[in-house]
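S.K.: Based on what follows, work out the 3D shape:
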Amino acid sequence: MKFKLLKTDIKTSARLGEVTTDHGKIQTPIFMPVGTVGSVKGIHQREVDEDIKAQIILGNTYHLYLRPGIEILKQAGGLHKFMNWNKPMLTDSGGYQVFSLSANRKLTQEGAKFRSHIDGSSHMFTPENVVDIQRIIGADIIMAFDECPPGDSDFKYADKSLNLTMQWLKQGIKRFDETEPLYDHSQAFFPIVQGGIFPELRKKAAYEVAELGCEGNAIGGLSVGEPTEDMYAMTEVVNDILPKDKPRYLMGVGTPVNILEGISRGVDMFDCVMPTRNGRNGMLFTSEGIINIKNKKWENDFTSLDPNGTCFVDSAYSRAYLRHLFAAKEYLGMQIASIHNLSFYLWLVDTARQKISDGTFSEWKDKMVVKLAQRL
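M.R.: Below is the predicted model:
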């Protein structure tokens with residue numbers, strides 16, 4: 001994997017870049033639709049590719065390990081072939097999912113013991129076997145196994161958690177360096193900077209991660225319940241330290257406003273389930289603000305979903321029609337809303353790239369964050 005930094009905004013830390021993988025190029029800043037179990041929920045791969053125009057998608061090690069299982073994925077020749085996706089792919093190591101199973105998992109120096117949310121069966125993730133699993137999945141970018149502490153963790157817990165994550169990181173890198181990709185494309189390994197909302201811990205982790213010289217780096221453990229301003233502050237602390245010539249990935253973030261604020265602080269890559277999850281529940285993100293399409297006020301509104309035409313479905317479907325689909329509990333409504341939201345997110349980062357390129361990002365971003373936060 002290669003990364004080329006093309007331009008940095010004069011007034012902010014926003015960056016224009018290009019990631020090159022064996023499955024294609026990714027223009028950054030970029031948003032990655034989440035395809036947790038090998039599909040972007042409710043949307044055909046053709047639509048993700050041709051209509052939404054996603055440059056890269058994300059899969060999840062925890063979920064794919066449990067179902068369909070690594071033997072099936074290995075027989076298929078990896079997830080790219082299994083799901084018929086020919087563009088770049090990233091896999092999250094499962095650390096966040098194990099964290100969310102706090103009642104059904106136990107952490108040790110060796111790794112994390114957990115019970116499947118599907119059938120209650122017992123499993124063990126180690127820094128080493130998580131690398132092995134991601135080799136079998138075959139994503140272009142794979143993540144280190146980490147512990148994601150809760151957003152309200154105190155210093156003592158965050159410190160202990162960080163020490164465990166950094167120990168696991170050393171073991172994971174060792175395993176990555178000792179093994180080879182299983183298929184006909186290369187894989188890059190990204191460490192994850194943890195440390196809660198404590199600047200000294202974040203700095204410690206960022207310096208250690210920077211020294212490793214990996215092909216890219218991630219910031220984890222944010223957007224997990226901490227105040228939004230803490231998330232922004234920790235992002236700034238970390239990005240001041242992480243190498244400028246490597247892509248930076250802020251994991252699991254977030255709202256359109258979060259993404260613009262992250263871009264302005266030097267983040268290159270984002271992912272979040274919000275566009276599809278919220279879309280399935282009738283929330284639309286638009287260039288003018290947020291719409292709850294279930295509200296009666298849209299019943300006879302025959303304008304497009306976004307007046308600025310940020311989504312390919314806008315010219316085909318009105319707000320009134322989409323509201324009707326939700327009222328009738330038609331699956332098509334959830335599909336259209338999900339496609340719209342993902343298209344909007346991709347439009348947002350595409351426009352951000354244009355504004356960084358022409359030197360107007362700061363002014364545009366300041367206006368957009370006000371619009372994007374309002375409820376229509």
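S.K.: Do a quick rundown of the helices in the stretch 101-250 of the chain.
M.R.: For the stretch 101-250 of the chain, helices defined by DSSP state H, counting those that start in this stretch occupy the ranges 127-137, 155-178, 199-212, 228-239.
S.K.: among the ones you listed, which is the most enclosed?
M.R.: helix 127-137 (a mean of 23; mean count of other C-beta atoms under 10 Å). In short, each C-beta sits where N, CA and C put it, glycine included.
S.K.: Out of the helices of the stretch 101-250 of the chain, which gets nearest to G35?
M.R.: Closest of those to G35 is helix 127-137, at 11.5 Å (criterion: C-beta to C-beta).
S.K.: For that closest one, which helices and strands make contact with it?
M.R.: Secondary-structure packing of helix 127-137 (3 or more C-beta pairs under 8 Å, 6 or more residues apart in numbering; DSSP states H and E): helix 61-66, helix 70-76, strand 141-143, helix 155-178.
S.K.: Dump those to TSV, plus mean pLDDT and distance to K203.
M.R.: Below are the helices and strands packed on helix 127-137 laid out as TSV (pLDDT from 0 to 100; distance: least, C-beta to C-beta, whole Å):
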stretch	mean pLDDT	distance to K203
helix 61-66	96	28
helix 70-76	98	37
strand 141-143	98	21
helix 155-178	97	11
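S.K.: ok, now which ones touch the residue of the chain positioned farthest from its centre?
M.R.: Here the chain reaches farthest from its C-alpha mean at N300, the gap being 35.7 Å by C-alpha atoms, centre = their mean. For N300, the contact set (C-beta atoms under 8 Å, 6 or more residues apart in numbering) comprises A320.
S.K.: can you check S362 too?
M.R.: Contacts of S362 were listed using C-beta under 8 Å, 6+ apart, and they are 9-12, 14, 264.
S.K.: Could I have the ChimeraX command that selects the buried members from those residues?
M.R.: Buried residues within the contacts of S362, by 16 or more other C-beta atoms under 10 Å, are selected in ChimeraX with:
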select :9,12,14,264
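S.K.: ok, back up a step: nearest to L284, out of the helices and strands packed on helix 127-137?
M.R.: Closest among these, using C-beta to C-beta: helix 61-66, at 26.5 Å.
S.K.: And for L164, nearest residue in space, chain neighbours not counted?
M.R.: Leaving out its chain neighbours, the residue that sits closest to L164 by C-beta to C-beta, 6 or more residues apart in numbering is E147, at 5.5 Å.
S.K.: Got phi/psi on that neighbour?
M.R.: With angles defined as degrees, to the nearest 10, E147 sits at phi -100, psi 130.
S.K.: And it, how close does it get to K156?
M.R.: 14 Å (C-beta to C-beta, to the nearest Å).
S.K.: sorry, back to before: now for the residue nearest to L164, how many residues are close by?
M.R.: Using other C-beta atoms under 10 Å, E147 has 21 neighbouring residues.
S.K.: where in the stretch 51-200 of the chain is pLDDT low?
M.R.: 101-102 (pLDDT under 70).
S.K.: The same query, at a cut-off of 90, please.
M.R.: 94-108, 117, 148-152 (pLDDT under 90).
S.K.: what's the answer for the stretch 201-350 of the chain, then?
M.R.: Low-confidence segments of the stretch 201-350 of the chain, defined by pLDDT under 90: 223-225, 307-316.
S.K.: Show me where it has its strands.
M.R.: Secondary structure of the stretch 201-350 of the chain (DSSP state E, counting those that start in this stretch): strands at 217-219, 248-250, 269-271, 283-286, 289-292.
S.K.: So which of the contacts of S362 is the closest to G195?
M.R.: Among the contacts of S362, S264 lies closest to G195 (C-beta to C-beta), at 21.3 Å.
S.K.: Identify the residue spatially nearest to that closest one, adjacent ones excluded.
M.R.: Leaving out its chain neighbours, the residue that sits closest to S264 by C-beta to C-beta, 6+ apart is T12, at 4.2 Å.
S.K.: and if you look at W364?
M.R.: Per C-beta to C-beta, 6+ apart, closest to W364 is K355, 4.6 Å.
S.K.: Packing partners of the lengthiest helix in the chain?
M.R.: Criterion DSSP state H: the longest helix present in the chain is helix 331-358. Helix 331-358 sits against strand 15-21, strand 24-28, strand 30-32, helix 256-264, helix 274-280, strand 283-286, helix 319-327, helix 361-373, with contacts defined as 3+ C-beta pairs under 8 Å, 6+ apart.
S.K.: in stretch 247-261, what counts as buried?
M.R.: Within stretch 247-261, the residues scored as buried using 16+ other C-beta under 10 Å are 247-261.
S.K.: I'd like the distance between S13 and C214.
M.R.: In terms of C-beta to C-beta, S13 sits 21 Å off from C214.
S.K.: neighbour count winner among those two?
M.R.: C214 (20 against 16).
S.K.: thinking the more buried one is in contact with K246, fair?
M.R.: Yes - the criterion here is C-beta atoms under 8 Å, and C214 meets it with K246 at 7.3 Å.
S.K.: Thank you kindly, that will do.
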